[in-house]
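Undergrad: What shape does this take:
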Amino acid sequence: MQAQTEAIPSSHNPTPLSAGAFEALGGLPGSNIISLACLEGNRSGASTLMRKLIISRSGVDREYGLIGALGPGQSGGLKMGTRLRDMIRAVRACKTAAEERGVIAKECANLRNAFKENDQDYRHRNVAKLMFIHMLGYPTHFGQMECLKLIASAGFPEKRIGYLGLMLLLDERQEVLMLVTNSLKNDLNHANQFIAGLALCALGNICSAEMARDLAPEVEKLLHNNNSYIRKKAALCSVRIVRKVPDLVEYFTNPAVGLLTDKHHGVLIAAVKLCHELCQNSEAALEQMRKQVQTLVRILKNLVVSGYAPEYDVGGITDPFLQIRVLRLLRLVGKGDADSSDVMSDILAQVATNTEGNKNAGNAILYECVLTIMAIEAIGGLRVLAVNILGRFLANRDNNIRYVALNTLVKVVSVDTQAVQRHRTTIVECVKDSDVSIRRRALELVYALVNETNVKALTKELLEYLKVADPEFKADLTAKICSLVQKFAPDKQWYIDQLILVMVEPGNYVKEEVLRTLIVVISNATDLHGYTVRQLYRSMQNWNGQEGLSQVALWCIGEYGEMLINHQNELPGEEPLTVTESDAVDIIETVMKDVRSSSNTQAFALTALLKLSSRFPSNTQRIKDLIKPHKGNLILELQQRSIEFGAILNRHENLKTQLLERMPVLDEATYVSKKADGASISLGADVKRAAPVGGPDILANGGPKQETTNSLIDLLNLDADDSPVPEPHKSAGDQLLSLLGPDPLSTSGVGTTDNVLMDILSLGTPAAASTVAPSPTSLFPPVPLADPFAAMGSAAPVDPFAPSTGGSVPRKTSLLDELDAVPQAPIKTSLLDDLGPAVPKDKGSLLDGLDSVPIVPATTSAYPTITALETSGLKVLFDFVKPPGNAQSTVIKASYINLSPSPYTDFIFQAAVPKFLQLQLEPASASVLPASGGGVITQTINVTNTMRGQKSLLMKLRIIYKVDGQDKVEQGQVSNFPQGL
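TA: Numbers count the residues shown, from 1 in each chain. A predicted model of the protein is given here:
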C-alpha cells in the first residue's frame, strides 16, 4: 500500500485538492485544521489525499461501488469495468509521457461512451476516474455535467462523489455552476447533517457572488442550528460569502457574535475566524466586536489555565489553533483603541509568561502574542516583555524561528528601540550566521539599530566581519557600512579612517558615489589633508588591486603630494612616516602598470602625475616618460589626456604652476546641489557665449548641455540627413586619424559621417573650432581641439613631448576645407594668448583655442511665420530674423501656446539638429504656460547653417511639461523651414 500512494510521474501540472473537498469525500467531521484550510481557500496537494481515500480504503470503495466487476459488453484496452486501482497502476507503469497519454486517451474515450449511454450504475466510479485524470493535468470538461447528476441523486455516496467532483472539476467562473444552485439549496435544508455538510463545504469552496447572494439566507439560518457540526460548517461557509459579497456583513454580524459563547471548540474557531473577516470588511462590525473583548479574553484565559485535554492537546498546549485565532482577533480589535488594549493587557502578559517555548506549538502562540502586543496600544513594560521573547527566539537553534524573530524585530525596532538595543550583541552575531537569509535580515536590523552613541562599536563589528564575509555578501555589507559611516560619523577624521578601512577590504564593492563624497569631505577638511594622504599612502603599500582605494589615493597624492613629503599637518600621536618624491611617483607608476587598473584609474594616475610635475620639479622628466606612452592608447580618454598633458609640460611651462594649483575647496552643499542638477565645471565668459558645436546638441531652455542618452539619440534620430554624401571607405587607422583632425592626404570630397565621436568633435563645422566634452574625471573644462597634424605635411602625428620647430602650414579645421569656398574669419591659435607670452602661431598646439563670435544686433526679415508643431493641446510657432552681415546665421523666435483648459507647468523645450547645423537656445521667458491661450512663452533659438545654399534647415523638437502633476512629452520634426535659411 505504501508503493501505491506515491506520487505518479507526469509531464502535466496536477490540480490540487482542497481540504474542504477532502473532508467532503470523507463525509465525516474533519479537524479544525482541515476546516480552517477549507475556509481560507488553501488548495493543498491532492494526489496523496485522494489516493488514500479512494485507493487504500478498499472497504469503503466496495461499499459505495468504487471497485466493481467488469461491466457487460465492455472490452478492449482499459475496459469500462476496470477498477480505479487498476487504472492507476496502468498509468504508473508507463515509462514515457507518450505512453501515459495513450493510456489516458483510451480511458477518456471509454468514459465518454459511458456518459453517452447514461450509465447510472457506474457513474460515481466514472467520475472518480475523471477526477484522477484531472489531477494528472488532462482536460476533463466533458464530464462536468456528470457531477451535477450525482449531486441531484438521493443517496449520500453519490452526492459525496458528486460534490467532490464539483469542487475539483469546476470553479466559480464556470457558467454551468449556476445549474447546481437549486440542488445546493435543497441539500442545505436536508435532514441528514452530512449531506448538509457536503453542501456547505462545496459552497465554501467555489461559490460565486451570485450564488452567495442567493444562498446567504439559508447559510445564516444554519448558524442557529442545534447541531454543532452544522454550525461549524455554516460559519466557515459564511466567511466565503462575506469575502465575495462584503455588503452582506450586517446579516452575519449578530449570529457570529452569538457563536462566541459556544462550548464546542470547532464552532469557536470557525466563529472567531468569521468575526475576524467581518471586522476587516466593516468598521461597524469592528466597533461591535470591541464590545466583545471581555468574551474573547475569557475564551483565551480558559485555554491558558485549563488542564490537560486530550481531545485538543497539541504538544502540551491546549488547542493552539484556537489560541492563535483569538490572538489575531484581539490584535485587530485592539489596534488604535486604548480601552480595548487595556482590557486585554493582563491576559496577553499571562500568555507570554505561561506558554512554554520548547515546542513549535508554544512558539507559534508566543509569536502571535508578540505581534498582538506590538500592534495594540500596550504599555511599555508589555512591549519589553514581547521584545525579550523575540530575544529568546534569536538564541534558538532552529533557523526558521531565528529568521521570524529577526523579521519581527525589524518591524518593531521603530516602536521601542531601547528594548531591542539590549539584544544588540546577539543580533550582531546573527550577521555572521551561515544562513544567508538570516545574515541579510540581521544586517537590516543592525542598520536600524545604529545611532550616534553606538556607531563606533557596531561599525567595528561589521568591519571585522567584512574581512571574512562571503564575496556575494560583501556588496550589501559594504553599502550598509558606508551608509552608516556617512550618516552617523562623529567627526571627519573618524569618517575618513573608516572609509579607508572599507576600501582596503572590498575596494571594488565601494560605489563610485561614495568615493566622490569622500573626496569632497577630504577637500573640506583642510587640517586633515596631510593626515589623509599619509594614511592612504600607508594603505597603498599593500595594494591588491582595490580600485576605489587607488583612485582616492591617487587623487590625494596629486593634490597634497608635498604634504606627504614634508610631514605637514601631523596630528598628535600620529605615527611618523618618511616618504621621498620618488616614493610617491613609484606608487602612481605601480598602479599605472598593473593590469587590474581600469581606464578610470589610469586617468586618475595621469592627472596625479601632471599635478606632481609642479610639486616635484626634480621628477619632471620621469613624469614625462610615464605620460608619453599613453599618447597612442586605444582608449580615447587616456590618449587625449596624454597628448594634452604632454603639451602642457613641454610648451606651457610658464603657466604650469598656476594651471596645476590645488583644486578649490568644494562646499559640500554645493556638491550636493551640483550632483542633483548634473552640472559640470563651466567655461569662461567668452566661451560661454560661443554657440555649442558638435553632433547632437540637445539644450533645455538655454541651460547647460545635458548628457545625451542613447534612448534620446534614437528618439531624435540625430544622424538623419536629407541628402547624405557617401564617404569613401577608410581603414581603421584613417578613422582614428580623422578623429584628431583632417587628413592632409585626402583629396576627395568628404560628406557626413556616422561616427558619433566625429560628431562630438564637430570636425565638419568651419564656422567655429571644435571642443571636446570633458569626462567626469577630466582635469580641464572643454578646450579647443586644434589640428595636431597642421604643422606637418604628412599624416604622421606630432610628438607633443618633442620641442617644436619652425615651419608653418595653413591650419585646417574641417574635413571640408578643401571643398569649401566660403571665406573663413581669422581664428586665434591659442586660448592662452591673453594670459602669457605669445606662442608661435604655427605650432598646432592642442591648447589652441576658439574665439567668441561677435554678437550683432538682429534685424527683422520678411520670412513667413510657420507652425513648427501643433497637437490637440499645444501649438509652436516660429518667426525668423536674419542678422545683417552673416548669411549663415538665423534667429528663430519661438512662441508656445497652450490650447488645453489646464495650465502646463515645468515647461521645457529641447531641440536637435544635424551635424552641419549649430544650435544655441536662449532661456525661455517662463516655465508655466497658461491654459486656453491665456499667455505665451517665448524663446530665442540661434541657428547657424554651415552648408547654406546646399542644405535646408532641419530640426527635431521634444517638449516636456506637466499637466495636473502628470508628465507629458510632445515631439515632432520641423522640415517646412522657408527657403534661403
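Undergrad: Assign S925 to helix, strand or coil.
TA: coil (DSSP: H, G, I helix; E, B strand; the rest coil).
Undergrad: Could you check the pLDDT of the closest residue to it other than its chain neighbours?
TA: Closest residue to S925 apart from its sequence neighbours, by C-beta to C-beta, 6 or more residues apart in numbering: T938 at 4.7 Å. For every residue, glycine as well, the C-beta is placed using N, CA and C. If you check T938, the pLDDT there is 93.
Undergrad: residues in contact with T938?
TA: By C-beta atoms under 8 Å, 6 or more residues apart in numbering, the contact set of T938 is 893-896, 924-925.
Undergrad: can you pick the most crowded of those residues?
TA: In terms of neighbour count, Y896 stands highest of the contacts of T938 at 24 neighbours, by other C-beta atoms under 10 Å.
Undergrad: Flag the shaky bits of this protein, pLDDT-wise.
TA: Residue ranges of the chain with pLDDT under 70: 1-82, 506-507, 668-861.
Undergrad: any chance you could map the strands in it?
TA: Using DSSP state E, the strands found in the chain span residues 17-18, 43-44, 313-314, 317-318, 699-700, 866-870, 874-881, 889-898, 905-912, 917-921, 936-945, 955-963, 966-974.
Undergrad: Could you tell me how far stretch 122-132 lies from the centre of the chain?
TA: Distance of stretch 122-132 from the chain centroid (C-alpha atoms, centre = their mean, to the nearest Å) equals 49 Å.
Undergrad: How about stretch 581-595?
TA: Offset of stretch 581-595 from its chain centre (C-alpha atoms, centre = their mean): 40 Å.
Undergrad: which residues are in contact with that stretch?
TA: By C-beta under 8 Å, 6+ apart, stretch 581-595 touches 537, 540, 543, 545, 550, 553-554, 557, 561, 564-565, 597, 601-602, 605-606, 608-609, 612, 616, 618-619, 622-623, 626.
Undergrad: Which positions in it come out as buried?
TA: Neighbour counts over stretch 581-595 (16 or more other C-beta atoms under 10 Å) mark 581, 584-585, 587-589, 591-592 as buried.
Undergrad: Identify the bridge partners of the residue nearest to S925.
TA: In this entry, T938 is beta-bridged to S895, by DSSP bridges.
Undergrad: which residues does the nearest residue to Q551 once chain neighbours are set aside contact?
TA: The spatially closest residue to Q551, leaving aside those adjacent along the chain, is F604, at 5.0 Å (C-beta to C-beta, 6+ apart). For F604, the contact set (C-beta under 8 Å, 6+ apart) comprises 550-551, 554-555, 558, 777.
Undergrad: List just the nearest of the residues you listed to N454.
TA: Q551 (31.0 Å; C-beta to C-beta).
Undergrad: on that earlier part again, Serialize the buried residues of stretch 581-595 to a markdown table and add fields for distance to S889.
TA: Output for the buried residues of stretch 581-595, formatted as a markdown table (distance: C-beta to C-beta, whole Å):
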| residue | distance to S889 |
| --- | --- |
| E581 | 53 |
| A584 | 52 |
| V585 | 51 |
| I587 | 52 |
| I588 | 48 |
| E589 | 51 |
| V591 | 49 |
| M592 | 47 |
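Undergrad: out of those residues, which are inside helices?
TA: 581, 584-585, 587-589, 591-592 (DSSP state H).
Undergrad: Report the separation between Q323 and Y367.
TA: From Q323 over to Y367 the distance is 12 Å, taken as C-beta to C-beta, to the nearest Å.
Undergrad: more crowded one of those two?
TA: Using other C-beta under 10 Å as the criterion, Q323 and Y367 rank with Q323 on top: 23 against 20.
Undergrad: ok, that one touching N302?
TA: No. With contact defined as C-beta atoms under 8 Å, Q323 does not reach N302; the gap is 10.3 Å.
Undergrad: Enumerate the positions of stretch 135-145 that are buried.
TA: Buried residues in stretch 135-145, counted by 16+ other C-beta under 10 Å: 135-136, 138, 140, 143-144.
Undergrad: Need the max-distance pair from the residues you listed.
TA: Taking C-beta to C-beta, the two most distant members of those are L136 and Q144; they sit 16.9 Å apart.
Undergrad: got a list of what G143 touches?
TA: G143 makes contact with 111, 115, 126-127, 130, 165, 169, according to C-beta under 8 Å, 6+ apart.
Undergrad: Is it possible to get a markdown table of those residues that adds neighbour count and distance to Y308?
TA: Output for the contacts of G143, formatted as a markdown table (neighbours: other C-beta atoms under 10 Å; distance: C-beta to C-beta, whole Å):
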| residue | neighbour count | distance to Y308 |
| --- | --- | --- |
| L111 | 23 | 52 |
| F115 | 18 | 54 |
| N126 | 24 | 48 |
| V127 | 27 | 44 |
| L130 | 25 | 46 |
| G165 | 27 | 42 |
| L169 | 21 | 44 |
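Undergrad: Show me what counts as buried in stretch 174-194.
TA: Across stretch 174-194, burial judged by 16+ other C-beta under 10 Å covers 174, 177, 180-181, 183-185, 187-188, 194.
Undergrad: again but with stretch 334-346, I slipped
TA: Within stretch 334-346, the residues that count as buried by 16+ other C-beta under 10 Å are 334, 337, 340-341, 343-345.
Undergrad: Out of those residues, which sit inside helices?
TA: Going by DSSP H, the helices hold 334, 340-341, 343-345 from the buried residues of stretch 334-346.
Undergrad: Now distance to A202 too, for these, in JSON lines please.
TA: As requested, those are exported to JSON lines (distance: C-beta to C-beta, whole Å):
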{"residue": "G334", "distance to A202": "36"}
{"residue": "S340", "distance to A202": "37"}
{"residue": "S341", "distance to A202": "40"}
{"residue": "V343", "distance to A202": "40"}
{"residue": "M344", "distance to A202": "37"}
{"residue": "S345", "distance to A202": "43"}
